[in-house]
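Peer 1: Sharing a model prediction with you, sequence too.
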Amino acid sequence: AQKVTQAQTEISVVEKEDVTLDCVYETRDTTYYLFWYKQPPSGELVFLIRRNSFDEQNEISGRYSWNFQKSTSSFNFTITASQVVDSAVYFCALSEAGTGTASKLTFGTGTRLQVTL
Amino acid sequence: DGGITQSPKYLFRKEGQNVTLSCEQNLNHDAMYWYRQDPGQGLRLIYYSQIVNDFQKGDIAEGYSVSREKKESFPLTVTSAQKNPTAFYLCASRGGGAHEAFFGQGTRLTVV
C-alpha cells in the first residue's frame, strides 16, 4: 500500500523567509513517481514538479527547490524568499508505476502555507 | 483549449437525493480520477479508471458510483447511501503512471 505523510498542517512565515515543506512517503514498488501540487484559494490544483524514483538529483526552479532522498523516503520542497503569493495549500503525491490498470495516485493531507508581510 | 471541465461549480441537493457530478476531458488521457476534499483531510481517492468500461474503487468508494462509457467522460454519482456528502469534489486525468495529473476546477456539493 502506498502512503504519503505531510506532518506539517500549517506553517506561517513572514515574507522573504525561507520555508521547507516536508513530505515522507511509503511504497513497496521500486519504480514510482512523486509530485508536488499547489492549491491556491480558487481551489484548482496546480502541478509544480514530478520526480521519478531513479532520479535523486535535486532540482531548482526559480525560488523553488526540491530535495529527494530515497534513503529517508522524503521529497521535501523549499521556497526561498517567500512571497505573499506563495500562500496556498501544498500537496505531495505518490504514484506507483502500475501495469495495465490505472495507477493509483495518492495525496498527502497537505500543508497550508501562510506568508504575511 | 485542452483541459478538464467539471460542472457545475456549486451544487445544492436535499438529503436523500442522488446527484451526479460531471467531468469531461479533451486531453486524450486514458486515466481519470475522482477525489474528495474535506478541510484538513487532503485529497482522498474515490474511484479511478484506466480505460473505457473499467474502473477501480479508491479509498472511500462507499456511497459513490461511477461510469466510464466514453474516454473523455467520467461522471460521479453521489448516492443517498453516502452519509456525509457535503464536500469539494475534484476530477483529474493523466496520460499514464509517470505523468502528472491535470485537475478540473472542482464541484462544491452541499447537501441540506
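Peer 2: Alright, I've got the coordinates.
Peer 1: Please say whether there is contact between the helix or strand bottoming out on mean pLDDT in chain A and chain B.
Peer 2: Between all helices and strands in chain A, the lowest mean by mean pLDDT, DSSP states H and E belongs to strand A:59-61, at a mean of 85. No - residues of strand A:59-61 contacting chain B under CB under 8 Å from any CB of the partner chain: none, with a closest distance of 14.2 Å. Using the backbone N, CA and C atoms, a C-beta is placed for each residue, glycine as well.
Peer 1: Centroid-nearest residue for chain B?
Peer 2: Chain B has B:Trp34 as the residue nearest its centroid, 3.1 Å off, counting by CA atoms, centre = their mean.
Peer 1: mind listing what the closest residue to A:Thr30 other than its chain neighbours touches?
Peer 2: Closest residue in space to A:Thr30, ignoring its immediate chain neighbours: A:Ser53 at 6.7 Å, by CB to CB, 6 or more residues apart in numbering or on different chains. Shown in contact with A:Ser53 (CB atoms under 8 Å, 6 or more residues apart in numbering or on different chains): A:Asp29, A:Thr30, A:Thr31, A:Tyr32, A:Tyr33, A:Leu34, A:Lys70.
Peer 1: pretty sure the fourth one is touching A:Leu105, no?
Peer 2: No - counting by CB atoms under 8 Å, A:Tyr32 sits too far from A:Leu105 to count as a contact (10.8 Å).
Peer 1: Residues of chain B that sit close to chain A?
Peer 2: B:30-31, B:33, B:35, B:40-45, B:48-50, B:54, B:56, B:58, B:88, B:90, B:92, B:94, B:96-106, B:108.
Peer 1: Which pLDDT value belongs to the residue nearest to A:Thr30?
Peer 2: Reading off the confidence values, A:Ser53 has pLDDT 90.
Peer 1: Likewise for A:Gly100?
Peer 2: So A:Gly100 comes in at 53 (pLDDT).
Peer 1: Please identify the helix or strand for A:Asn67.
Peer 2: strand A:64-69 (DSSP states H and E).
Peer 1: what's whatever helix or strand comes next after that strand packed up against?
Peer 2: Scanning forward in sequence from strand A:64-69 by DSSP H and E, the next helix or strand is strand A:74-79. Counting contacts by 3 or more CB pairs under 8 Å, 6 or more residues apart in numbering or on different chains; DSSP states H and E, strand A:74-79 packs against strand A:19-21, strand A:24-26, strand A:32-39, strand A:46-52, strand A:64-69, strand A:88-96.
Peer 1: Quick one, which of those gets closest to A:Lys3.
Peer 2: strand A:24-26 (4.2 Å; CB to CB).
Peer 1: hmm, the closest one in reach of chain B?
Peer 2: No - using CB under 8 Å from any CB, strand A:24-26 stays clear of chain B, coming no nearer than 13.6 Å.
Peer 1: Give the burial count for B:Val52, as a bare number.
Peer 2: 15 (other CB atoms under 10 Å in any protein chain shown).
Peer 1: surely it meets B:Ser67?
Peer 2: No - using CB under 8 Å, B:Val52 is not in contact with B:Ser67; the gap is 9.8 Å.
Peer 1: How far does stretch A:84-102 sit from its chain's centre?
Peer 2: 7 Å (CA atoms, centre = their mean, to the nearest Å).
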